[in-house]
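Student: Dropping a prediction and its sequence here:
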Amino acid sequence: MGFGVSVKIMPGVRIRASSRGLRASVGPRIARVHVGGGRSSVSSGIGPFTVSSGGGGRRRTRSGARRQSVPSLAQLERQARVAARDEEIARLEAIERDLTSVHHDQFEPAAAPVAPPPEPVDERAIRRRCEQQEVRGLSFLARRERRAARERADVTAQREIERETAARATARAQAQRSLDVGWQALVSHDPGAVHAALEEAFEDNQSPATCIDVDHDGRRRFATVVIVFGDVEQVPEKEPATTPTGRPTIKKRTKTARNQLYVKAMGSAVLATVKEGFAVAPSVDEFRVVVVAHGQGRAEAVFTGSFERRATERLRWEQLDPEQTVMAAPGATMRRQGQALNVAPLDLAEDPDLLAIMSEVAPALGCPPPARPRAPRGGSAGRHRRPVD
């Protein structure tokens, strides 16, 4: 229940205090203006007639306003499942992209090394040291002796500066000659230099690689490289997909699709290794590649092929299909078996060089060496099966 007290402070001006605050009335009774404590208004003395001026009035409470909806537990669980699915899709896409795009990496071509310039001689420090040595023990009042000492120090310092400058230039020249010798060995296909350059380049490769031979056959200079690649288990069993309504989802990869992605990933690793090898070894005309699948306690040769520099330089790295490119290389050999096109180990029966390589590589990987193939009776052993496209 409200209350109010009204006080007249001068003719035509009245102050009223109520539970709603202070309110002033100004003007004659016939047209009185009321301000404060609520809405401004005008009243007349002719009956209960009031006109509001707008603004300043009390605000309505918003008891009828709609409350913000709170998600239910089911909605939260559904959102969590969608977020987890999207995260898994992104992870699977990243794995597939990483497996099949290694050959997109860029490698700086080798160039004749240049020794860094010698460090400049600190002439100021040398002059200060020589002067300190010459004036040591002389009184500050012995101006003539100190002046002569400083002159001697200038001569001594200049000689030391020239000697040190010449020594550093000589050391730099010697370093450059050593670099020139190494570069000349690399471009002239010296086996030691080429092997060292390739081993240093392959040291941080995603798929381990090593150079096992550097030679020439009278026609071209080549290097043989073994690439150790994982087995098909490194390919995820699931893959991103879409539902019939176009929504993103995840489905299990078929064995055929898994094997196809595995071969693409292998091809990408081969091309990346060859690409880097040509960049760091300018004398190599051809890389002969052996891929060894390593996993589950086994090491098996699964691919061989040769890659020529001229053909490789013409490749469009961003557009090519890794599988098609490596299988188009001279001498490319890979065995695929069954309806799912599983990658099978190469037959070593008629390839003594490959057998010799695997006899060394397998034990180095902690796997048993390949069994020595028995000579066939009454005929020659079968040739490697050509790859299945």
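Tutor: Everything's here; your move.
Student: how many neighbours does the residue lying closest to residue 176 once chain neighbours are set aside have?
Tutor: In this structure, residue 176 finds its nearest non-sequential neighbour in residue 115, 4.1 Å apart by Cβ to Cβ, 6 or more residues apart in numbering. In this view, the C-beta of every residue, glycine as well, is placed from N, C-alpha and C. Counted by other Cβ atoms under 10 Å, the residues lying close to residue 115 total 15.
Student: A helix includes residue 115, no?
Tutor: No - assignment of residue 115 by DSSP: H, G, I helix; E, B strand; the rest coil gives coil, placing it outside any helix.
Student: Can you give me every residue that contacts it?
Tutor: 172, 175-176, 179 (Cβ atoms under 8 Å, 6 or more residues apart in numbering).
Student: List the buried residues for stretch 111-119?
Tutor: residue 118 (16 or more other Cβ atoms under 10 Å).
Student: Residue 164 reaches residue 122, doesn't it?
Tutor: No - counting by Cβ atoms under 8 Å, residue 122 is not a contact partner of residue 164; they are 9.1 Å apart.
Student: So which of the two has more stuff around it?
Tutor: residue 164 (16 against 12).
Student: and the gap between that one and residue 128?
Tutor: 15 Å (Cβ to Cβ, to the nearest Å).
Student: which helices and strands sit right next to the longest helix along the chain?
Tutor: Using DSSP state H to define each element, the chain has its longest helix at helix 143-187. Contacts defined by 3 or more Cβ pairs under 8 Å, 6 or more residues apart in numbering; DSSP states H and E place helix 143-187 against helix 123-135, helix 191-202.
Student: Distance across stretch 99-112, terminal residue to terminal residue?
Tutor: 33 Å (Cα to Cα, to the nearest Å).
Student: Give me the residues contacting that stretch.
Tutor: Under Cβ under 8 Å, 6+ apart, the answer for stretch 99-112 is 179-180, 183, 186, 197, 201, 206-207, 234-235, 261, 264-265, 267-269, 271-272, 275-276, 279-282, 317-318, 320, 322.
Student: so residue 306 makes contact with residue 328?
Tutor: No - look at residue 306 against residue 328 with Cβ under 8 Å: they stay out of range, at 11.3 Å.
Student: If you count surrounding residues, which of these two has more?
Tutor: residue 306 (17 against 13).
Student: Quick check: beta-bridge partners of the more buried one?
Tutor: residue 288 (DSSP bridges).
Student: From residue 285, how far off is residue 247?
Tutor: From residue 247 over to residue 285 (counting by Cβ to Cβ), the distance is 52 Å.
Student: likewise residue 163?
Tutor: 49 Å.
Student: Check residue 260 too.
Tutor: Counting by Cβ to Cβ - residue 260 and residue 285 are separated by 32 Å.
Student: tell me the phi and psi of the residue nearest to residue 199 when sequence neighbours are not counted?
Tutor: Closest residue to residue 199 apart from its sequence neighbours, by Cβ to Cβ, 6+ apart: residue 211 at 6.1 Å. Main-chain dihedrals, residue 211, degrees, to the nearest 10: phi -90, psi 130.
Student: what residue ranges in the protein score low on pLDDT?
Tutor: Residues of the chain meeting the criterion pLDDT under 70: 1-68, 373-389.
Student: Report the residue ranges of every domain in it.
Tutor: 4-52, 123-184, 188-364 (automatic domain parsing).
Student: And those domains: which comes nearest residue 93?
Tutor: domain 188-364 (5.8 Å; Cβ to Cβ).
Student: now that closest one, how far from the centre of its chain.
Tutor: 22 Å (Cα atoms, centre = their mean, to the nearest Å).
Student: Next, the distance between the ends of stretch 134-150.
Tutor: Terminal-residue distance, stretch 134-150 (Cα to Cα): 7 Å.
Student: what about residue 230, neighbour count?
Tutor: 17.
Student: Any idea how many residues pack against the closest residue to it other than its chain neighbours?
Tutor: Among residues not flanking residue 230 along the chain, residue 295 sits closest, at 5.4 Å (Cβ to Cβ, 6+ apart). Using other Cβ under 10 Å, residue 295 has 16 neighbouring residues.
Student: surely residue 295 meets residue 233?
Tutor: Yes - Residue 295 is in contact with residue 233 according to Cβ under 8 Å; the separation is 6.0 Å.
Student: Find residues that contact each of the two.
Tutor: What both residue 295 and residue 233 touch, as defined by Cβ under 8 Å, 6+ apart, is an empty set.
Student: if we can go back for a sec, between residue 247 and residue 285, who's got more neighbours?
Tutor: residue 285 (17 against 10).
Student: who touches the more buried one in this structure?
Tutor: With Cβ under 8 Å, 6+ apart, residue 285 has these contacts: 220-222, 308-309.
Student: Tell me the buried residues in stretch 163-183?
Tutor: 164, 182-183.
Student: Please apply the same query to stretch 222-238.
Tutor: Quick answer for stretch 222-238 (16+ other Cβ under 10 Å): 222-232, 235-236.
Student: How many neighbouring residues does residue 83 have?
Tutor: 10.
Student: which SSE is it in?
Tutor: For residue 83, the host element (DSSP states H and E) is helix 73-100.
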